[in-house]
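Asks: Predicted model and sequence below, questions to follow.
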Amino acid sequence: MSVTLQLKEMSLSLNDVEILQPISATLQAGRLHAITGPNGAGKSSFLKCLLGLMPHKGQIKRHWPDKNKGVAYVPQQLAFEPSLPITIDEYLTTTLTSRALFFKRASNIRAQVEGLLERVGLEGKKHLRLGQLSGGERQRLMFAQALGQKRHLWCVDEPMTGLDVTAQALITQELLALRTEGVTLLVVHHDPDWVSDYADEVWSINGGLAGHQVNLHAMSTVRRKTSNVMRCDQEEVA
Ligand SMILES: Nc1ncnc2c1ncn2[C@@H]1O[C@H](COP(=O)(O)OP(=O)(O)OP(=O)(O)O)[C@@H](O)[C@H]1O
């Protein structure tokens, strides 16, 4: 198992308030690291430090070969301005290509967008504006944009918020598939059952790293649960 990220005494203070005490830890490729902890404990801030969105102190050492394939981010529930004049289709296209939208879109990009929408169950919604999406649909879209990025490390902040049972199963399967591909996953999650079933490691954050546990039980349950999920999906389709 190769090391993806090493944190050495990484800490965060905002406006002279200490949000995270120094954290030293290692993240590994092909592992799902769950982040748990009470509200306001610093979980989202922890992810934002890794993403470079917050001004940490200490060291974050990245160990991946392709520097352009950095980090994918699925933020905690977002709201979009309803009048924002951009459709789902246009939004996903901009995340996949640097070409301006008024140029004719390459057919491979169109196909990629279609494929991503299908993977998150948003097929048929591509002409809606961002502000017209429901909470669960916004969450699916955020997941789709991350899937299009092909990143080494995924920072996922409470991905199941607002999702129905089918969407939760779908997102869980996508996360497990990424892990199998060797992606390093950091997932903030409040559901202890999900964490105990799927996480390889559980990091408890409470103003710093309050606890760390390797979960030996995860792999055997994953096989049982995913086969249940697939059976449940098939029953719904039938
Ligand atoms: N810009 C800021 N200035 C000062 N304090 C901040 C700032 N941003 C966040 N905080 C505080 O940092 C703490 C950690 O916030 P964070 O969003 O990381 O918590 P969390 O563990 O993700 O919480 P939740 O489970 O409720 O989403 C909170 O007390 C929050 O009020």
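Replies: Received the coordinates, thanks. Numbers count the residues shown, from 1 in each chain.
Asks: Name the helix or strand for Cys155, please.
Replies: In the assignment (DSSP states H and E), Cys155 maps to strand 153-157.
Asks: quick one: that strand near the ligand?
Replies: No - Strand 153-157 stays clear of the ligand (Cβ under 6 Å from any ligand atom), getting no nearer than 7.3 Å. All C-beta atoms are positioned from the backbone trio N, CA, C, and that covers glycine.
Asks: what residues does this structure put near the ligand?
Replies: Counting by Cβ under 6 Å from any ligand atom, the chain sits next to the ligand at 14-15, 17, 19, 37, 39-45.
Asks: same thing but 8 Å
Replies: Residues of the chain lying near the ligand by Cβ under 8 Å from any ligand atom: 14-15, 17, 19, 37-46, 48, 76, 157-158, 188, 190, 205.
Asks: Whichever of those residues end up buried, select them in ChimeraX.
Replies: ChimeraX command restricting those to the buried ones, with burial defined by 16 or more other Cβ atoms under 10 Å:
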select :19,37,41,42,43,44,45,46,48,157,158,188,190,205
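Asks: if I look at Arg151, how far off is the ligand?
Replies: Going from Arg151 to the ligand by Cβ to the nearest ligand atom, to the nearest Å gives 21 Å.
Asks: same deal with Ala79?
Replies: Relative to the ligand, and taking Cβ to the nearest ligand atom, Ala79 is found at 15 Å.
Asks: Skip the chain neighbours and tell me the closest residue to that residue.
Replies: What sits nearest to Ala79 in space, not counting adjacent residues and going by Cβ to Cβ, 6 or more residues apart in numbering, is Arg138, at 7.9 Å.
Asks: isn't the one you found right next to Gln77, touching?
Replies: Yes - taking contacts as Cβ atoms under 8 Å, Arg138 lies within contact range of Gln77: 7.2 Å.
Asks: These two: who's more crowded?
Replies: Arg138 (20 against 13; other Cβ atoms under 10 Å).
Asks: that older thread, now, the residues of the chain next to the ligand that are in strands?
Replies: Of the residues of the chain next to the ligand, the ones assigned to strands by DSSP state E are 14, 17, 19, 157, 188, 205.
Asks: Quick check, pLDDT for the third one.
Replies: The one in question is Ile19. In this model, Ile19 is scored at 96, pLDDT.
Asks: residues touching the residue positioned nearest the centre of the chain, list them.
Replies: Nearest residue to the geometric centre of the chain (Cα atoms, centre = their mean): Val156, 2.6 Å. Val156 makes contacts with 73-74, 146, 175, 185-188, as judged by Cβ atoms under 8 Å, 6 or more residues apart in numbering.
Asks: Tell me which of those residues fall in strands.
Replies: 73-74, 185-188.
Asks: residues in contact with Leu50?
Replies: Taking Cβ under 8 Å, 6+ apart as the test, what Leu50 contacts is 5, 60, 71, 153, 155, 186.
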